[in-house]
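Colleague: Generate coordinates for the sequence data below:
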Amino acid sequence: MWRRIVIHNTGEFGDPYYERLCRHTVDRSQGGLVEIEFSYFGSDSLLSYIADSSSKLRSLKVAMGYKITSEGLMHAVSKLPLLEELEVSYCPLSGEAEALKVIGQSCPNLKTLKKNCVGYRRPRDESDDVALAIAETMPGLCYLQLFGDRLTDAGLNAILSACPNLEHLDLRQCFNVNFVGDLEKRCFERIKVVRPPNDSVRDYPFDATVNDDVCSSDDDYSDVDIMSEDEFYLEYPNSKNVSDYVIVSSSF
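Modeller: This is a model prediction of the structure:
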């Protein structure tokens with residue numbers, strides 16, 4: 001029992017009940033936990049508790065974990081060498097590229113990575129740090145979702161060159177990807193499922209509002225204050241798209 005646990009917080013942010021509930025269900029698994037998924041709560045100490053109690057863990061999915069840091073994530077995942085699936089969506093991680101390198105080096109069996117964030121069409125902010133970290137340390141990926149990432153064509157090329165087993169690539173709201181030259185052909189011919197930047201978001205499980213600050217000229221973008229992901233959801237708490245129930249499930 002209790003090999004798979006799913007808990008979604010539908011109450012107030014910061015409610016300690018859900019973290020206590022999560023720890024209790026982890027205890028119930030008695031070291032046999034294989035999959036865990038939780039959202040709208042979480043902390044470094046909870047991740048550490050899960051990692052210390054669940055050496056057999058193969059799937060870890062975390063979304064809207066505003067108290068989770070890059071350091072806490074690295075510390076926990078380094079104890080989970082059997083991990084095959086990881087999601088860290090809308091967690092305000094600093095130094096995320098370095099964290100991904102540690103994760104890739106610690107989890108040689110990683111096949112699925114979902115690292116999603118708020119999409120910014122304007123102001124333009126390009127960075128291939130995440131893409132290059134993935135290309136450097138995660139050659140075994142089959143499924144990659146980078147919703148809202150800032151990567152460019154160069155970062156995408158690096159991923160395609162380094163991840164030969166990739167079958168599903170989700171680049172929705174990655175507005176710096178332009179598919180210049182034969183890049184688009186390379187993607188669609190080699191990868192079974194490709195979700196391009198402007199693809200539909202109807203099946204996306206989180207709020208997909210695009211930040212699209214329109215200024216009079218490109219020079220004006222330097223004055224725009226970009227809201228961080230945690231600030232966005234604290235200011236607009238109703239933007240979370242979660243069913244009005246809590247799921248605590250287990251399976252054999």
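
Colleague: Where does the prediction get shaky in the stretch 151-252 of the chain?
Modeller: 214-252 (pLDDT under 70).

Colleague: So which residues of it form helices?
Modeller: Under the criterion DSSP state H, counting those that start in this stretch, the stretch 151-252 of the chain carries helices at the ranges 153-162, 183-190, 229-235.

Colleague: and Arg122, what pLDDT?
Modeller: Arg122 is assigned a predicted lDDT (pLDDT) of 81.

Colleague: all helices for the stretch 1-150 of the chain, in order.
Modeller: Going by DSSP H, counting those that start in this stretch, the stretch 1-150 of the chain shows helices at 16-29, 44-53, 70-77, 96-106, 129-137.

Colleague: Pro196: neighbour count?
Modeller: 15 (other Cβ atoms under 10 Å). Using the backbone N, CA and C atoms, a C-beta is placed for each residue, glycine as well.

Colleague: re earlier: may I see the helices of the stretch 1-150 of the chain arranged in JSON lines, with mean neighbour count, distance to Val62 and mean pLDDT as well?
Modeller: Output for the helices of the stretch 1-150 of the chain, formatted as JSON lines (neighbours: other Cβ atoms under 10 Å; distance: least, Cβ to Cβ, whole Å; pLDDT from 0 to 100):
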{"stretch": "helix 16-29", "mean neighbour count": "16", "distance to Val62": "11", "mean pLDDT": "96"}
{"stretch": "helix 44-53", "mean neighbour count": "18", "distance to Val62": "8", "mean pLDDT": "97"}
{"stretch": "helix 70-77", "mean neighbour count": "21", "distance to Val62": "8", "mean pLDDT": "97"}
{"stretch": "helix 96-106", "mean neighbour count": "20", "distance to Val62": "12", "mean pLDDT": "96"}
{"stretch": "helix 129-137", "mean neighbour count": "21", "distance to Val62": "17", "mean pLDDT": "98"}
